[in-house]
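Visitor: Model the structure of this input:
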Amino acid sequence: MKKLIIILLLFAPLLGSRLLQATEECHDFLKFSATKLRTDSTINFCDAFAGKALLVVNTASQCGFTSQFKGLEALHQEYGDKLAVIGFPSDDFNQEYDDSKKVADVCYVNYGVSFTMLEPSNVKGESANSIFKRLAAKTGQEPGWNFTKYLVSVDGETVKHYASGTKPQSDAFKQEIDAFLN
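Guide: Model (predicted):
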């Protein structure tokens, strides 16, 4: 018993600093939970994405930009250890299926998406989810169309807005990501 108490006392400062570090990394953009697409699983952003920059994208399955899923997945594969790609399906522009199964089929079957996709939600106006309200407040721009992209720094202080036409795999966008991460 004495050995256990000594071990706990020796490691207490380390555990305390880890808890403090986790608390500090949980900025406003991470204070959010949502259900993953086609699951009953809720994802807590603080737990899942602390210590990473975010690429937040509003998506739609029936949009001319839907093929951007390929580029977003490539970014996830390339930068996944430093950048969390998060898709928010939305019918705010009348181009998303009402059925989550159809949304999931487009993402997972048609495009092989393995980055985090959430259940559909609103991304603009008064009914927007809290992440998109914060993004709009920080940048002064809510999504103008599907596949609007927002880069959020690790500390949540810097947010950049990119219009739908910004291709995820373009050299210019990848240079922005590289600069953002460094």
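Visitor: ok, which stretches of the protein are strands?
Guide: With strands called from DSSP state E, the chain shows them at 33-35, 42-44, 53-59, 83-89, 116-117, 149-152, 159-162.
Visitor: Against which helices or strands is the third one packed?
Guide: Using 3 or more Cβ pairs under 8 Å, 6 or more residues apart in numbering; DSSP states H and E as the contact definition, the elements that strand 53-59 packs against are helix 68-79, strand 83-89, helix 130-139, strand 149-152, helix 171-181. The way it works is simple: take the backbone N, C-alpha and C, and place the C-beta from them, glycine included.
Visitor: okay, the angle between it and helix 171-181?
Guide: Interaxial angle, strand 53-59 versus helix 171-181 (axes from the mean of the first three to the mean of the last three Cα atoms, to 10 degrees): 140 degrees.
Visitor: thinking again about what came up before, with mean pLDDT, mean neighbour count and distance to Gln77 added, can I get the strands of the chain in a markdown table?
Guide: Output for the strands of the chain, formatted as a markdown table (pLDDT from 0 to 100; neighbours: other Cβ atoms under 10 Å; distance: least, Cβ to Cβ, whole Å):
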| stretch | mean pLDDT | mean neighbour count | distance to Gln77 |
| --- | --- | --- | --- |
| strand 33-35 | 97 | 15 | 23 |
| strand 42-44 | 97 | 14 | 19 |
| strand 53-59 | 98 | 25 | 13 |
| strand 83-89 | 98 | 24 | 9 |
| strand 116-117 | 98 | 22 | 14 |
| strand 149-152 | 98 | 24 | 17 |
| strand 159-162 | 98 | 18 | 20 |
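Visitor: TSV for the helices and strands packed on strand 53-59, including distance to Thr59?
Guide: Output for those, formatted as TSV (distance: least, Cβ to Cβ, whole Å):
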stretch	distance to Thr59
helix 68-79	7
strand 83-89	5
helix 130-139	12
strand 149-152	10
helix 171-181	16
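Visitor: Go through these and name the closest to Ala53.
Guide: strand 83-89 (5.0 Å; Cβ to Cβ).
Visitor: which ones are touching the spatially most central residue of the chain?
Guide: By Cα atoms, centre = their mean, the chain has its centre lying nearest to Ile86, at 3.0 Å. By Cβ atoms under 8 Å, 6 or more residues apart in numbering, the residues touching Ile86 are 49, 54-57, 115-118.
Visitor: Leu75 versus Ile177, what's the distance?
Guide: 7 Å (Cβ to Cβ, to the nearest Å).
Visitor: who touches both of those two?
Guide: Shared contacts of Ile177 and Leu75, defined by Cβ under 8 Å, 6+ apart, are found at 55, 83.
Visitor: now for the strands of the chain, which one comes closest to Asp99?
Guide: When the strands of the chain are compared by Cβ to Cβ, strand 83-89 sits nearest Asp99, at 11.1 Å.
Visitor: Just give me the neighbour total for Gly165.
Guide: Number of residues near Gly165 (other Cβ atoms under 10 Å) recorded here: 11.
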